[in-house]
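In: Take this sequence and fold it.
(4 chains)
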2 protein chains.
Amino acid sequence: MAVTMHDVAQRAGVSIKTVSNVVNGYPYIRAQTRERVEAAIDDLGYRVNMSARNLRTRRTGLITLAVPELSLPYFAELADAVISAADAAGWTVLIEQTSASRERETEVLSGRRRHLTDGLIFSPLALGPDDLGLFTVDFPLVLLGERVFGAPADHVTMNNVEAAKAVTLHLASLGRRRIAVIGAHEGEQVGSAALRTAGYREGLAEAGLPYDPELVGEAGLWHRSTGAEAMSRMLDDGVEIDAVFALNDALALGALHALHAHRMDVPGDVALIGFDDVDDAKYSVPALSSVDPGRDQIAHTAVELLLERIGATDDPAPFRKVVPDSRIVGRESTGDVGTGEPCRVVGTQAGGTEVVPVRTAV
Amino acid sequence: MAVTMHDVAQRAGVSIKTVSNVVNGYPYIRAQTRERVEAAIDDLGYRVNMSARNLRTRRTGLITLAVPELSLPYFAELADAVISAADAAGWTVLIEQTSASRERETEVLSGRRRHLTDGLIFSPLALGPDDLGLFTVDFPLVLLGERVFGAPADHVTMNNVEAAKAVTLHLASLGRRRIAVIGAHEGEQVGSAALRTAGYREGLAEAGLPYDPELVGEAGLWHRSTGAEAMSRMLDDGVEIDAVFALNDALALGALHALHAHRMDVPGDVALIGFDDVDDAKYSVPALSSVDPGRDQIAHTAVELLLERIGATDDPAPFRKVVPDSRIVGRESTGDVGTGEPCRVVGTQAGGTEVVPVRTAV
DNA sequence: TTGTAAGCGTTATCAG
DNA sequence: CTGATAACGCTTACAA
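Out: Below you'll find the predicted structure:
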């Protein structure tokens, strides 16, 4: 049916090996031979059969990116960045949406959802530290996010605690005393919510502000709708506030909606800041202050680490943890222009590569 | 290295074919044999080699979705819907971002960017009717959008003209007389901008309102920033308006920003409506009215048509064009709840499948 | 610089 | 119900 190298070889009057050489840019070919082969390729409309090549080379040039869902702007922008970084390196990305379901996240790791890709960049949301065992896999894996630490894999994350602390201190420095937080996960010990809430409390402490449970708004899912609900609840309860730290931008935009509905002026009555610096943030009214967690760098680094792992032939390099610098981006919703300074990891140099002691994978 | 069917067969004391049968759920196998094979599979941790299977079956279970960029919420949500629909059918999606560049869109069609996938769902933005020739390809293809009509491929699109007309009439019915449009592409004859602008003019005419070029705001790229700029320009020029029809939601959200900056009340002074009904629309302040173009149905139908095409063995079915119903979604920004009625294609039954006369592909 | 031949790990054919 | 055996289209030693 389809035209094969064999056909091309026959047409060009050379061996199949020579055609292969031409296709793969092998340099030592007589110009004349190359031309003949190329002509035959054009005439016949030949295109290499990737499946055959993949079988032979044991590599597909594909990587999987597994995220909760692309409808969430943060993950859409992350996917954009990952695809771009992979593309620049000549790789293609296949996307799995896990819907943050345990079952699907497990399947992704088990490899049953990993059709023929050479590696996986995985941002888990349902699995946690109790599932550490699942992360011992026999293929190249790079983890993203804050759900699981210490897995035998490279990990690119962000300095949540430090950034959240910096945000809180920043709000305090603007004279705000009743700083609410939206998006907390009560009792959770792990994940972005826990880390950012911890940073918030550290910030309060350092600013000499009391921690008031009334100021903590729960929101299980971080959607605009849940942000609006949490904010409304707090306002309806008559809690007094002069600032809101929403644990991500979706929550913040929802909260903004609720604040407006309650006739609160932002930033006049209430200063508002989010987290993630999603593209939307720039265009809300008022424009939303946020934390840029270094998304592009995260994506770029994740791809880089994964490809390194895939390409590694001999030495099982130690697993690495990378934490790009994040940065407060001040806009109208806090009535200032922020510091623009990186929220560095206190006590260490940030933005670096921490090499985690080797663990042997299976 | 990796464990193969051969190893499993040996371990289970059966032939390789039997292992294959078990793996593929072939029904006529003695229960006992199956158990032995399954035990061997578990013991050895065997997993089928997809590349080998793909080579043999000439099918990969992969489809490509090519869109401009995932950072644009419309395409992120479309991708989400396409991936979900494909997944439900047991297929996996690989994403190409074209950045709306001619070169990359051409590459997608030429197949050079189509690593080993069985088909392509393509939403072109740079290529147009002049490039019709490029769309004659030798693999299953489903087109999305409004750039190219009449290509030899299945096509899922939306009823832009009718919806835009309905929007305009709707604004007029709310008593608005100076209805601006944001996002026009001057002189362009093809694409969403042209079609929606045409619908706008039809609507004006039917409402008995004059067409005033001052009310037409250009915006080449449909981003929030360009929407804000176009809106600002018009307001700075002192153009009098009482309604704005932004040709998509990103533009609308940008315009909303500019309206606020100019101290215009929405919907008091100016009614605002967008297009696409992106998730954001619900959570802006005020919530944005929009047009739901039937995104989920578009995604679902596109996948369905493509898989049908891929599965087709014999008969080259005629190319089909499908136009799901769209619907005005009224929210706060127009101060009403909209009609909720589908914007049906005038003069024909909408939401249907139009069968385009067969054309022979190469 | 080019050709020969041996697989890569499956599935398909066809007996048995 | 199960087993040989031949492809699938390509890369890669190894020769020439």
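In: Relative to residue A:294, how far out is the spatially most central residue of chain A?
Out: Nearest residue to the geometric centre of chain A (CA atoms, centre = their mean): residue A:78, 5.0 Å. Relative to residue A:294, residue A:78 is positioned 11 Å away (CB to CB, to the nearest Å). Placement of C-beta: from N, CA and C, glycine included.
In: And for residue A:258, the neighbour number?
Out: Look at residue A:258: counted by other CB atoms under 10 Å in any protein chain shown, it has 23 neighbours.
In: residues contacting it?
Out: Contacts of residue A:258 were listed using CB atoms under 8 Å, 6 or more residues apart in numbering or on different chains, and they are A:227-229, A:231-232, A:235.
In: likewise residue A:288?
Out: Residue A:288 touches A:249, A:252-253, A:256, A:272-274, A:280-282, A:331-333, counting by CB under 8 Å, 6+ apart.
In: Looks to me like residue A:244 is in a strand.
Out: Yes - assessed with DSSP: H, G, I helix; E, B strand; the rest coil, residue A:244 lies in a strand.
In: Quick check: beta-bridge partners of it?
Out: Beta-bridge partners of residue A:244, counted by DSSP bridges, are residue A:180, residue A:272.
In: Looking at the contacts of residue A:258, which is nearest DNA strand C?
Out: Using CB to the nearest atom of the strand, residue A:227 comes nearest to DNA strand C of the contacts of residue A:258, at 47.2 Å.
In: does that closest one really touch residue A:250, like I thought?
Out: Yes - using CB atoms under 8 Å, residue A:227 is in contact with residue A:250, at 6.2 Å.
In: sorry, back to before: inside strands: which ones of the contacts of residue A:288?
Out: Under the assignment DSSP state E, those contribute A:272-273 to strands.
In: Now flag whichever of the contacts of residue A:288 is closest to DNA strand D.
Out: Nearest to DNA strand D out of those is residue A:280 (CB to the nearest atom of the strand; 43.9 Å).
In: looking at this, the residue nearest to the centre of chain A is in a helix?
Out: Yes - according to three-state DSSP, residue A:78 belongs to a helix.
In: Touching, residue A:46 and residue A:3? I think so.
Out: Yes - with contacts defined as CB under 8 Å, residue A:46 counts as touching residue A:3 at a distance of 4.9 Å.
In: Which one's more surrounded, the two?
Out: Neighbour comparison, residue A:46 and residue A:3: the larger count goes to residue A:46, with 20 against 16 (by other CB under 10 Å).
In: Quick check: the more buried one vs DNA strand C, distance?
Out: 16 Å (CB to the nearest atom of the strand, to the nearest Å).
In: Identify the residues contacting that residue.
Out: Going by CB under 8 Å, 6+ apart, the list of residues near residue A:46 reads A:3-5, A:7-8, A:40.
In: Take those residues and keep only those in helices.
Out: Judged by DSSP state H, the contacts of residue A:46 include A:5, A:7-8, A:40 as members of helices.
In: Any chance of a markdown table for those residues, columns distance to residue A:188 and pLDDT?
Out: As requested, the ones in helices among the contacts of residue A:46 are exported to a markdown table (distance: CB to CB, whole Å; pLDDT from 0 to 100):
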| residue | distance to residue A:188 | pLDDT |
| --- | --- | --- |
| A:5 | 56 | 90 |
| A:7 | 61 | 88 |
| A:8 | 60 | 90 |
| A:40 | 63 | 89 |
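In: List just the nearest of those residues to residue B:53.
Out: Nearest to residue B:53 among these, counting by CB to CB, is residue A:5 at 20.9 Å.
In: residue ranges with poor pLDDT in the stretch 51-200 of chain A?
Out: A:113-114 (pLDDT under 70).
In: hang on, I meant the stretch 201-350 of chain A
Out: Using pLDDT under 70, the stretch 201-350 of chain A drops low at A:313-315, A:337-350.
In: just to revisit the earlier point, just checking, the residue nearest to the centre of chain A touches residue A:295?
Out: Yes - with contact defined as CB under 8 Å, residue A:78 and residue A:295 form a contacting pair (6.1 Å).
In: of all the contacts of residue A:288, which comes closest to residue B:267?
Out: residue A:256 (18.2 Å).
In: wait, what's in contact with the closest one?
Out: A:266, A:272, A:284, A:288, A:333, B:285.
In: Export stretch A:221-228 to CSV, keeping only CA atoms.
Out: Output in CSV follows, covering the C-alpha atoms of stretch A:221-228 (Å, rounded to 0.1, in the frame of the first residue of the first chain):
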residue,chain,number,x,y,z
LEU,A,221,-11.4,22.9,44.4
TRP,A,222,-9.6,26.0,43.2
HIS,A,223,-12.1,27.2,40.7
ARG,A,224,-13.5,30.7,40.2
SER,A,225,-16.8,29.5,41.5
THR,A,226,-15.4,28.1,44.7
GLY,A,227,-13.4,31.3,45.3
ALA,A,228,-16.6,33.4,44.9
